[in-house]
Structures are given as structure tokens and as C-alpha cells.
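Engineer: turn this into a model:
(one chain, ligands or ions: 1)
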Amino acid sequence: MKRIAVLTSGGDSPGMNAAIRAVVRYGTHYDMEVFAVHRGYEGLIDNEFEKMSRRSVADIIHHGGTIIKTARSARFHDRENREKAYANLRKLKIEGLIVIGGNGSLAGAQLLAEESGIPVMGLPGTIDNDLAYTDVTIGFDTAVNTVLDAISKIRDTSSSHERSTVIEVMGRHCGDIALYSGYAGGADFVLVPEVLTPVDEVVKKVKQSIKSGKAHSIIIKAEGYPVSSEDLIKELKEKTGQDVKLAVLAYLQRGGAPTFRDRVLATDCGVLAVELFRQGIYNRAIGQVDGKVTHFDLAEALAMKSSLRVELFNNVSVLSM
Ligand code: F6P
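Structural biologist: You can find the predicted model right below:
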């Protein structure tokens, strides 16, 4: 394989640039021509290719975001637009496409491979950690560390004013950002879309904390938990008699310099993607299991179901006041 392309798709995540750098540098080292597709599948449809050199990816490993831009592409759902994308890849004689993105982006890669026959590779680029085949996704570690920093800052003011705070984090269908930041941040409660915790349980926990002399509870809520943060706070205020504040971290979690772990994960995945192409292996989902970078059949990987680490979820409350 001598001519490949790489794109980033869906929500951006810290580490995407490190993966792009690894693909370009490893590929060019082995005499491949590497093209970037700008703006994800939108750029593939609109023929937005850029020939990359080793210099193109200088000084990006430590930057969040993606230098080749990303997008969510509703147009890619139409076969007609997908055929345009395939024709653009064929026109440039691209022999393999590396897609860096989340669930939807990797499903798009699988569809592209099935319909066009063009080999693909999927890299897990999303802060959500919602790809079951890999223990961790590129950007998740950085996002959780961003939330941890926010928790400690909010805890300072929450405790000073003896009031509770609900911290809303990203994660529509997967509560891992809430779960791991709550567990590592010593939160009093974690609310995730996978577990329909009744609000009364949270009220009871906050009341117990107040009774035990600790007036400031920190509650981490994933945006996908079915009760809105506003309604949760209203209930807590009414039933505990306490002032409760809301901090929505939103897009803070998507930016920032990737951590060491994310840089290593992203670089490992980018290198393996190109190495597998070199060996004539393709249509694989690349990730990390038990600390080692690995790969699975793309279709099988996307069919795997993720599950919440229930023991972690339960221990957040066991270990809090
Ligand atoms: O998929 C990653 C993610 O950050 C989710 O956690 C979040 O709900 C979503 O993207 C936000 O999407 P957008 O950037 O399109 O608003």
C-alpha cells in the first residue's frame, strides 16, 4: 500500500493531532504518500484533500483539537453523497483510509469499506470512552483530568460556602467521564445514563452528609442522565433546604493539551494503523486492551456492547462521607 489518507470525524478529542502526526510520520518513513482529508466525511464528499509532508505535522503533538478539522456529516448518510466520496478517493488512487472518531465515525468507515471495497482502519477518537472494543479512547484521559481539575476548584468554593454543587459533564449515552472523574475526584455521588438512580436517593445522601457535618456535596452528573440538571437542583434545594449550585463543564472537556497517556495511546494507534496497512491487513478497529495496543475486525468491534463498571459506580458512594 503506497498511498493512504486520514480524516478526523465527529466530536474532536485531545490526542487526535498526535494520531495524525503518527500516521503521517510513520507512513512517509516507509515511502507512503499520506493525504489528509479536511472536515471529516464532509471533506471526503467535497474532495478536500491535502498532501501531507513530515513538516505538515510539526509541533502538533501537544495541541488539542485536530489540525485537519472535523465535522458531523448528515450528508454521508445519503448513498449518493457516499458515492461522491468513493469517487474522490478513487480519483486520487487512495488505497487505504484511516478514520479517527467515535462510534458513528467508525460505523461510517465500515459502511465505506463494505460499499466501495476501499480498505479502512478505525481509531477510537472520542472523549466519551464509549467504544466497547477498547479499554480507553483517545481523549478520554485528558477529558477526565480536565474534570478532576474542575472538581477540586469547585470543591474549594462549595466547602467555603457550605453548599452542594452539581457538576454536569459530557457523555450522552456513556457515563464513563462522570464515573471515572467522580471516583478519582472523591465525589459524593455520580449520576450516569446507564443507571436510573432515583433523585430521592441523591437527596437522602446529601441529607446524610449534612447531618454528619459535611455541608458540601459534590454530585457529578453525565448529560445523558435522564433528569435535567435544573430539575435535579430544584429537587435538592426543596428537599434539603440547602443552596445548590450548577457547573456545566461542556466544551472545556473537549480541549486542552493531551495528557501523556493520550499522546502515547494516539501515537501507538496511528503507528499500528499504518503498519497493518503495510502488511496488507485492513478493516480493523484499533485500540488498547490491558495496556497494549491491539486490533479487531471492525464490524465485530462495533458490534461489541460496553458496560458500566458497576463496582466503581457503587464504591463512589461507599467511599464518600
Ligand atoms: O461525542 C463526544 C461529545 O463530546 C459528547 O460527549 C457530547 O455530548 C457531544 O460530543 C457534543 O457534540 P457537539 O460537539 O456536536 O455539540
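Engineer: show me where the stretch 51-200 of the chain has strands.
Structural biologist: Along the stretch 51-200 of the chain, the stretches classed as strands by DSSP state E, counting those that start in this stretch are 96-101, 120-124, 164-169, 189-191.
Engineer: the second one - what's its average pLDDT?
Structural biologist: Put plainly, it is strand 120-124. Strand 120-124 comes out with an average pLDDT of 98.
Engineer: run the chain-centre distance for that strand.
Structural biologist: Counting by C-alpha atoms, centre = their mean, to the nearest Å, strand 120-124 is centred 14 Å from the centre of its parent chain.
Engineer: close to the ligand, is that strand?
Structural biologist: No: no part of strand 120-124 sits close enough to the ligand to count as contact by C-beta under 6 Å from any ligand atom; the gap is at least 11.5 Å. Where you see a C-beta, it was placed from the backbone N, CA and C, and this is true even at glycine.
Engineer: what does that strand contact?
Structural biologist: 19, 96-102, 105-106, 109-110, 112-113, 131, 134, 136-138, 266, 269-270, 273, 276-277, 282-287, 298, 301 (C-beta atoms under 8 Å, 6 or more residues apart in numbering).
Engineer: one step back: same list (the strands of the stretch 51-200 of the chain) but as JSON lines, adding mean neighbour count and distance to residue 217.
Structural biologist: Output for the strands of the stretch 51-200 of the chain, formatted as JSON lines (neighbours: other C-beta atoms under 10 Å; distance: least, C-beta to C-beta, whole Å):
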{"stretch": "strand 96-101", "mean neighbour count": "30", "distance to residue 217": "36"}
{"stretch": "strand 120-124", "mean neighbour count": "31", "distance to residue 217": "33"}
{"stretch": "strand 164-169", "mean neighbour count": "25", "distance to residue 217": "4"}
{"stretch": "strand 189-191", "mean neighbour count": "26", "distance to residue 217": "7"}
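Engineer: and for the closest residue to the ligand within the stretch 51-200 of the chain, nearest residue in space, chain neighbours not counted?
Structural biologist: Closest approach between the stretch 51-200 of the chain and the ligand, counting by C-beta to the nearest ligand atom: residue 170, at 3.3 Å. Closest residue to residue 170 apart from its sequence neighbours, by C-beta to C-beta, 6 or more residues apart in numbering: residue 253 at 5.1 Å.
Engineer: same thing with residue 91?
Structural biologist: Leaving aside its sequence neighbours, residue 91 sits nearest to residue 47 (C-beta to C-beta, 6+ apart; 7.9 Å).
Engineer: write out the residues of the stretch 151-300 of the chain neighbouring the ligand.
Structural biologist: 170, 171, 172, 223, 254.
Engineer: which residues in this protein form helices?
Structural biologist: Using DSSP state H, the helices of the chain run over residues 16-29, 40-45, 79-91, 103-116, 140-160, 176-185, 199-211, 229-240, 260-278, 298-303, 310-319.
Engineer: of all these, which one is nearest residue 292?
Structural biologist: Ranking the helices of the chain by distance to residue 292, with C-beta to C-beta as the measure, places helix 260-278 first at 8.8 Å.
Engineer: now tabulate the helices of the chain in CSV and tack on mean pLDDT.
Structural biologist: Formatted as CSV, the entries for the helices of the chain read as follows, by pLDDT from 0 to 100:
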stretch, mean pLDDT
helix 16-29, 98
helix 40-45, 98
helix 79-91, 98
helix 103-116, 98
helix 140-160, 97
helix 176-185, 98
helix 199-211, 94
helix 229-240, 96
helix 260-278, 98
helix 298-303, 98
helix 310-319, 94
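Engineer: need the ones you listed in JSON lines (columns: mean neighbour count and distance to residue 51).
Structural biologist: Putting those into JSON lines (neighbours: other C-beta under 10 Å; distance: least, C-beta to C-beta, whole Å) gives the following:
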{"stretch": "helix 16-29", "mean neighbour count": "24", "distance to residue 51": "10"}
{"stretch": "helix 40-45", "mean neighbour count": "26", "distance to residue 51": "14"}
{"stretch": "helix 79-91", "mean neighbour count": "16", "distance to residue 51": "14"}
{"stretch": "helix 103-116", "mean neighbour count": "20", "distance to residue 51": "21"}
{"stretch": "helix 140-160", "mean neighbour count": "19", "distance to residue 51": "29"}
{"stretch": "helix 176-185", "mean neighbour count": "24", "distance to residue 51": "36"}
{"stretch": "helix 199-211", "mean neighbour count": "16", "distance to residue 51": "54"}
{"stretch": "helix 229-240", "mean neighbour count": "16", "distance to residue 51": "46"}
{"stretch": "helix 260-278", "mean neighbour count": "22", "distance to residue 51": "16"}
{"stretch": "helix 298-303", "mean neighbour count": "16", "distance to residue 51": "26"}
{"stretch": "helix 310-319", "mean neighbour count": "13", "distance to residue 51": "45"}
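Engineer: need those in CSV (columns: distance to residue 9).
Structural biologist: Shown next, in CSV, are those (distance: least, C-beta to C-beta, whole Å):
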stretch, distance to residue 9
helix 16-29, 10
helix 40-45, 4
helix 79-91, 12
helix 103-116, 4
helix 140-160, 17
helix 176-185, 20
helix 199-211, 36
helix 229-240, 29
helix 260-278, 15
helix 298-303, 14
helix 310-319, 29
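Engineer: nothing else from me, thank you.
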